[in-house]
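Chemist: just need the structure, nothing else, for what follows:
(2 chains)
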Amino acid sequence: DQQVKQNSPSLSVQEGRISILNCDYTNSMFDYFLWYKKYPAEGPTFLISISSIKDKNEDGRFTVFLNKSAKHLSLHIVPSQPGDSAVYFCAAQSAGKSTFGDGTTLTVKP
Amino acid sequence: KAGVTQTPRYLIKTRGQQVTLSCSPISGHRSVSWYQQTPGQGLQFLFEYFSETQRNKGNFPGRFSGRQFSNSRSEMNVSTLELGDSALYLCASSLVLGGQKNTGELFFGEGSRLTVL
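Modeler: Next comes the predicted model:
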């Protein structure tokens, strides 16, 4: 049973437009939800997180929205830039353990 | 501040052999966790160590083991290698168990890519 799911393996957007990456989860006990970005041949790097008691967190071009009733979170990138092209992992944390989704490959076209 | 360092970066083994991977966390970080990444499978949690004790364990067979030393450096070992063990093995560290306080952030190394032939 996969507790964290990213249903879209890939997403392609035009430079300057909005990128929306989605993630669904099943466990209501998660404390934090995080997004990581990964380039090839590198480890994932932390992008932004949100506590389970909040519904929105913003950091520059990146905003994460949490809908607890739908058990859904999304990452908005506005405006998208070619350098944002990478694999994005959604993660949820509970009891000291992080559970990751399978990742979404974002391609931002110039 | 140096990041998380993993060695070796790349290695090739044959079936039946064993392998040991090393991870040096960020200075001062006491928690080290290990993940396996295979194509299309995301990051699968292996185990987490804090103060030399395994605190959490994922759903991997007993062939996968690890340990943490008093200086917080960690090693993971895979015995009797199988073809399916070919993957990128990632180590992550944090100050406290389960990720940084208030964000849950983990700091990842660049990984050790294992190929089993």
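
Chemist: what does the pLDDT read for the residue lying closest to A:Gly43 once chain neighbours are set aside?
Modeler: Distances taken as CB to CB, 6 or more residues apart in numbering or on different chains place B:Phe108 nearest to A:Gly43, at 3.3 Å, with adjacent residues excluded. Backbone N, C-alpha and C define where each C-beta goes, glycine included. B:Phe108 carries a pLDDT value of 95.

Chemist: residue contacts, B:Phe108?
Modeler: By CB atoms under 8 Å, 6 or more residues apart in numbering or on different chains, the contact set of B:Phe108 is A:Tyr36, A:Gly43, A:Pro44, A:Thr45, B:Val4, B:Leu90, B:Cys91, B:Ala92.

Chemist: the host helix or strand of A:Ser98 near chain B at all?
Modeler: Counting by DSSP states H and E, the element that carries A:Ser98 is strand A:97-100. Yes. Interface with chain B: strand A:97-100 contributes A:Lys97, A:Ser98, A:Thr99, A:Phe100 (CB under 8 Å from any CB of the partner chain).

Chemist: most neighbours, which of the residues you listed?
Modeler: A:Ser98 (27 neighbours; other CB atoms under 10 Å in any protein chain shown).

Chemist: got a pLDDT number for it?
Modeler: At A:Ser98, the predicted lDDT confidence score is 86.

Chemist: and the gap between it and B:Gly58?
Modeler: 11 Å (CB to CB, to the nearest Å).

Chemist: retrieve the pLDDT associated with the nearest residue to B:Ser24 once chain neighbours are set aside.
Modeler: Leaving aside its chain neighbours, B:Ser24 sits nearest to B:Thr5 (4.4 Å; criterion: CB to CB, 6+ apart). With respect to pLDDT, B:Thr5 has a value of 96.

Chemist: also B:Lys1?
Modeler: Reported pLDDT at B:Lys1 in the predicted model: 60.

Chemist: specify the beta-bridge partners of residue 64.
Modeler: No chain specified, so I'll use chain A. For A:Val64, the beta-bridge partners under DSSP bridges are A:Asn57, A:Leu75.

Chemist: meant chain B, my bad for not saying
Modeler: B:Val78.

Chemist: check contacts around it.
Modeler: Taking CB under 8 Å, 6+ apart, we find B:Phe64 in contact with B:Leu46, B:Phe47, B:Met76, B:Asn77, B:Val78.
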